[in-house]
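Asker: Need coordinates for the following:
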Amino acid sequence: MAHDSTGHGHGHGHGHVRRRWWHHLKHAVTPHGHDSADRFDSALETSRRGVRTLVWSFAALLVTAIAQLVLVLHTRSVALLGDTIHNFADALTALPVGIAFLLGRRVATRRYTYGLGRAEDLAGVVVVLIIAASAAFAGYEAVLRLVEPRPVQHLWVVAAAGLIGFAGNEIVARWRIAVGRRIGSAALVADGLHARTDGFTSLAVVLGAAGVALGFPLADPIIGLAITAAILFVLRDAAKQVLHRLMDAVDPRTVDLAEQTAAGVAGVRGVDRVRMRWIGHSLHAELAVAVDPALTVERAHLLAHDVEHALVHRVPRLTAAVVHTEPATGADSAHALLAHHGR
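Answerer: From the prediction side, this is the model:
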């Protein structure tokens with residue numbers, strides 16, 4: 001028996017028998033309506049939270065980058081130029097992620113039956129490409145300055161700009177990473193890591209200014225190259241995280257928790273074929289549970305709902321589960337026959 005669910009709301013009691021059966025009766029009369037609305041509201045709220053984070057962090061980084069750009073024009077520091085470029089790039093990465101959050105709010109259709117949550121994964125790819133482009137440009141400018149050295153002016157202004165960049169980026173990084181982890185958005189976390197690296201590269205600008213002040217003019221382009229290397233490290237981490245999401249990677253501990261939760265439901269004799277994937281910043285699961293072969297279709301159906309109910313409440317970020325019930329004995333032969341005909 002296959003049970004295709006859209007989930008359950010979070011207001012149902014776990015130990016009260018009368019409320020449990022009232023839940024089943026209400027489901028039979030109005031299937032999935034109340035629970036789907038609850039989960040849609042929750043998903044909508046996470047998207048709103050993500051958009052708010054992006055808007056305010058975009059504004060903060062844009063102000064930081066513009067302030068640094070004004071100072072670049074006066075100091076001619078290539079290290080500060082690289083840092084400014086990276087700050088502008090970091091501000092721009094908020095745009096594709098924000099668009100993805102807005103697309104994720106759209107309801108599922110006959111063509112996009114899971115909705116448009118995977119737009120976040122595409123946004124993550126765009127973020128990675130922007131990081132790569134900023135690394136290439138910063139590296140090019142640093143090498144060019146090594147080949148054609150130019151004096152750096154107003155060193156104290158360069159140092160002040162570096163400190164401004166660090167403060168602005170660290171605030172934005174903490175905000176994006178915290179919200180991204182809370183709502184399960186890999187794209188937003190990648191964006192936060194990008195901002196954090198910008199903060200440390202801004203501190204490197206201060207070191208470059210100090211080196212020039214001590215009589216080592218090549219310190220500025222060398223720090224520019226160091227910033228490029230730091231950007232490449234962030235690029236590696238961000239690309240790895242986005243690639244994992246594109247390949248439907250899930251933390252094995254989350255899969256273990258789903259198996260343990262399903263196995264702990266009264267009436268479940270075994271759990272098999274657990275599959276989980278991210279769609280946007282929400283988890284979806286599919287699994288099979290073995291039940292007493294003597295159960296009626298109605299009882300097996302109710303048991304599947306119990307499993308789904310437990311999973312949605314216990315597994316973080318899980319919003320939907322498809323629970324397939326099968327007899328504890330005899331199911332293997334049916335699977336073997338199906339596999340034989342599928343060859």
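
Asker: got a list of contacts for stretch 220-237?
Answerer: The contact list for stretch 220-237 (CB atoms under 8 Å, 6 or more residues apart in numbering) reads 77-79, 81-83, 86, 128, 131-132, 134-135, 138-139, 141-143, 145-146, 149, 152, 190, 193-194, 196-197, 200-201, 204-205, 207-209, 211-212. In short, each C-beta sits where N, CA and C put it, glycine included.

Asker: Unless I misread the structure, residue 320 falls within a strand.
Answerer: Yes. The assignment for residue 320 is a strand, going by DSSP: H, G, I helix; E, B strand; the rest coil.

Asker: what number of residues lie near it?
Answerer: Here the number of neighbours of residue 320 (other CB atoms under 10 Å) works out to 21.

Asker: From the contacts of stretch 220-237, list the buried ones, please.
Answerer: For the contacts of stretch 220-237, a burial check counting by 16 or more other CB atoms under 10 Å picks out 77-79, 81-83, 86, 128, 131-132, 134-135, 138-139, 141-142, 145, 152, 190, 193-194, 196-197, 200-201, 204-205, 207-209, 211-212.

Asker: just the strands in the chain please.
Answerer: 2-4, 270-279, 282-291, 318-327 (DSSP state E).

Asker: how about those, which one is nearest residue 256?
Answerer: Judged by CB to CB, the one of the strands of the chain that comes nearest to residue 256 is strand 270-279, at 9.1 Å.

Asker: okay, the angle between that closest one and strand 282-291?
Answerer: Taking axes from the mean of the first three to the mean of the last three CA atoms, to 10 degrees, one finds that strand 270-279 is oriented at 170 degrees with respect to strand 282-291.

Asker: now for the strands of the chain, which one comes closest to residue 243?
Answerer: With CB to CB as the criterion, residue 243 lies closest to strand 270-279 of the strands of the chain, at 12.7 Å.

Asker: Can you show me the CA trace of that closest one as CSV?
Answerer: The C-alpha coordinates for strand 270-279 follow below in CSV (Å, rounded to 0.1, in the frame of the first residue of the first chain):
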residue,chain,number,x,y,z
GLY,A,270,10.7,-3.0,10.2
VAL,A,271,11.9,0.0,8.2
ASP,A,272,13.5,-0.3,4.8
ARG,A,273,14.5,1.8,1.7
VAL,A,274,14.7,5.2,3.5
ARG,A,275,15.4,7.9,0.9
MET,A,276,15.7,11.6,1.7
ARG,A,277,16.4,14.7,-0.4
TRP,A,278,16.4,18.5,0.0
ILE,A,279,14.0,20.6,-2.0
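
Asker: what comes up buried for that strand?
Answerer: Under the neighbour-count criterion of 16+ other CB under 10 Å, strand 270-279 has 271, 274, 276, 277, 278, 279 buried.

Asker: which residues sit in contact with the fifth one?
Answerer: So that's residue 278. Taking CB under 8 Å, 6+ apart as the contact definition, residue 278 lies against 184, 186, 245, 248, 250, 284.

Asker: Can I have the buried ones of the residues you listed as a ChimeraX selection?
Answerer: Taking 16+ other CB under 10 Å as the burial criterion, the selection of buried members of the contacts of residue 278 in ChimeraX is written as:
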select :184,186,245,250,284
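
Asker: In the stretch 201-343 of the chain, what residue spans correspond to helices?
Answerer: 219-246, 252-263, 297-314, 331-342 (DSSP state H, counting those that start in this stretch).

Asker: Mind putting the ones you listed into CSV with distance to residue 288 and mean pLDDT?
Answerer: Below are the helices of the stretch 201-343 of the chain laid out as CSV (distance: least, CB to CB, whole Å; pLDDT from 0 to 100):
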stretch, distance to residue 288, mean pLDDT
helix 219-246, 25, 84
helix 252-263, 9, 96
helix 297-314, 10, 95
helix 331-342, 8, 53
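
Asker: returning to what we had before: restricted to helices, list the contacts of stretch 220-237.
Answerer: Using DSSP state H, the subset of those located in helices is 78-79, 81-83, 86, 128, 131-132, 134-135, 138-139, 141-143, 145-146, 190, 193-194, 196-197, 200-201, 204-205, 207-209, 211-212.

Asker: Residue 153 contacts residue 74, doesn't it?
Answerer: Yes. Taking CB atoms under 8 Å as the contact criterion, residue 153 and residue 74 are neighbours in contact, 6.8 Å apart.

Asker: Which pair of the contacts of residue 278 spans the longest distance?
Answerer: With distances taken as CB to CB, the most widely separated pair in these is 186 and 284, at 15.1 Å.

Asker: number of nearby residues for residue 64?
Answerer: In terms of burial, residue 64 registers 28 neighbours under the definition other CB under 10 Å.
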